[in-house]
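A structural model of the following input is requested.
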Amino acid sequence: MYAEAKTQLQTLRDLLRFAVSRFNDAGLFFGHGSASAYDEAVYLILHTLHLPLDQLDPFLDARLTTAEREQVLNIIERRTVEKLPAAYLTKEAWLGDFNFYVDERVIIPRSFIAELLRDQLAPWIEEPDDIHSALDLCTGSGCLAILLAHAFPNAAIDAADISTEALSVAQKNVRNYNLEDRINIIQSNLFAGLSGQRYDLVISNPPYVSAVSMAGLPGEYRHEPHNALASGEDGLEATRVILENAAKYLNDRGLLIVEIGHNRETLERAFPHTPFTWLETSAGDEFVFLLKRNQLPR
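Have a look, this model is predicted:
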């Protein structure tokens with residue numbers, strides 16, 4: 001089929017139709033940035049052809065060179081056959097207006113915390129300039145640490161992760177944003193490597209997928225690092241450690257903000273006396289919680 005496409009498909013419109021057909025036929029899963037086969041096909045084709053990602057219509061009827069057609073068909077085939085997420089094919093992922101280098105050493109950036117940082121965590125933080133120290137725990141690609149640096153310009157930021165491979169990617173992204181003087185990359189198993197540190201703000205998007213959910217993940221997610229997703233039987237293994245230790249790493253008026261996926265009910269059952277504040281995101285108020293230092297379990 002792909003050999004035939006190389007000789008018969010001529011325009012970007014032809015290739016877009018072909019890509020959507022192949023993606024739908026393969027039953028691909030779209031959970032890493034695109035919402036549909038069409039959106040993903042548009043992104044992959046425009047990226048491969050080095051065209052603006054927000055300008056499709058002017059190029060729809062443009063004819064491709066032989067080399068361009070082969071490049072586009074190759075990436076369509078890899079997405080279809082290997083079920084590689086688009087971000088790993090393009091080595092790029094976006095959070096809002098920020099783009100990051102990614103590869104299979106890191107989970108693909110996606111976090112509701114990114115939405116909250118656009119407004120500098122208002123109203124919970126009244127004076128962003130008063131945030132002088134912050135921690136991004138389980139930083140992965142470093143994406144949230146970089147958003148922290150932009151949201152809180154006076155903050156020195158630690159970006160910690162257990163994976164040295166992930167931290168290599170984070171370091172690359174920190175360099176790309178010229179933030180080496182503000183973001184400190186640290187290898188640490190949660191708080192274990194941060195002895196003596198205190199922060200005004202700690203954010204974390206830790207592993208939170210339960211064992212049952214891990215067993216049913218679509219193929220695309222299986223390309224991501226296992227330890228960036230799995231968190232014990234109920235998905236709360238990492239979150240428990242964070243809750244039980246965070247007070248030691250927060251200043252007196254410090255805040256802890258953690259993303260936990262679909263685990264709100266499980267978490268509230270496990271910590272019935274902890275007064276979680278659930279923050280409103282584009283998907284609702286059950287994915288990210290906030291706690292002040294004096295509200296943390298003792």
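
quick one, helices of the stretch 1-150 of the chain?
2-8, 12-26, 37-48, 66-81, 86-90, 112-118, 143-151 (DSSP state H, counting those that start in this stretch).

Output these as a markdown table; include the columns mean pLDDT and distance to L137.
For glycine as for every other residue, the C-beta is placed from the backbone atoms N, C-alpha and C. Formatted as a markdown table, the entries for the helices of the stretch 1-150 of the chain read as follows, by pLDDT from 0 to 100; distance: least, CB to CB, whole Å:
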| stretch | mean pLDDT | distance to L137 |
| --- | --- | --- |
| helix 2-8 | 90 | 44 |
| helix 12-26 | 98 | 35 |
| helix 37-48 | 98 | 30 |
| helix 66-81 | 97 | 32 |
| helix 86-90 | 97 | 22 |
| helix 112-118 | 96 | 11 |
| helix 143-151 | 98 | 9 |
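
which stretch among these comes nearest A270?
Closest approach to A270 among the helices of the stretch 1-150 of the chain (CB to CB): helix 112-118, 20.7 Å.

follow-up on the earlier one: turn the helices of the stretch 1-150 of the chain into a markdown table, including distance to L135 and mean neighbour count.
Listed next are the helices of the stretch 1-150 of the chain as a markdown table, based on distance: least, CB to CB, whole Å; neighbours: other CB atoms under 10 Å:
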| stretch | distance to L135 | mean neighbour count |
| --- | --- | --- |
| helix 2-8 | 47 | 11 |
| helix 12-26 | 39 | 18 |
| helix 37-48 | 32 | 20 |
| helix 66-81 | 36 | 17 |
| helix 86-90 | 25 | 21 |
| helix 112-118 | 13 | 19 |
| helix 143-151 | 9 | 25 |
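
between those helices, which gets nearest to A159?
Relative to A159, the nearest member of those by CB to CB is helix 143-151, separated by 3.7 Å.

Need the residues that contact that closest one.
Helix 143-151 is touched from outside by 93, 95, 98, 100, 109, 111, 113-114, 117-118, 120-121, 128, 134, 136, 139, 155, 157-159, 170, 173-174, 177, 179, 182-183, 201, 203, 205, with contacts defined as CB atoms under 8 Å, 6 or more residues apart in numbering.

want to try TSV for the helices of the stretch 1-150 of the chain, with distance to Y249 as columns?
What follows is the helices of the stretch 1-150 of the chain, written out as TSV (distance: least, CB to CB, whole Å):
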stretch	distance to Y249
helix 2-8	53
helix 12-26	44
helix 37-48	39
helix 66-81	41
helix 86-90	31
helix 112-118	18
helix 143-151	15
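
Nearest to R269 among those would be which one?
Using CB to CB as the measure, helix 112-118 is the one of the helices of the stretch 1-150 of the chain that comes nearest R269, at 21.6 Å.

Does V258 belong to a helix, a strand or coil?
Classification of V258 into helix, strand or coil gives strand, according to DSSP: H, G, I helix; E, B strand; the rest coil.

Name all residues that make contact with it.
Residues in contact with V258, defined by CB under 8 Å, 6+ apart, are 203-206, 239, 242-243, 288-289.

Show the buried residues in the contacts of helix 143-151.
With neighbours counted by 16 or more other CB atoms under 10 Å, those contain buried members at 93, 95, 100, 109, 111, 113-114, 117, 120-121, 134, 136, 139, 155, 157-159, 170, 173-174, 177, 179, 182-183, 201, 203, 205.

Next one: G235 from N205, what distance?
Distance of G235 to N205, given as CB to CB, to the nearest Å: 13 Å.

just to revisit the earlier point, P218 is nearest to which of the helices of the stretch 1-150 of the chain?
helix 12-26 (11.5 Å).

Taking helix 66-81 as reference, get the angle to that closest one.
Computed with axes from the mean of the first three to the mean of the last three CA atoms, to 10 degrees, the direction of helix 12-26 lies at 20 degrees from that of helix 66-81.

now, which of the contacts of V258 lie within helices?
Here DSSP state H is the test, and the contacts of V258 give 239, 242-243 as lying in helices.

so can I have TSV of these showing neighbour count and pLDDT?
What follows is the ones in helices among the contacts of V258, written out as TSV (neighbours: other CB atoms under 10 Å; pLDDT from 0 to 100):
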residue	neighbour count	pLDDT
T239	26	98
I242	21	98
L243	21	98
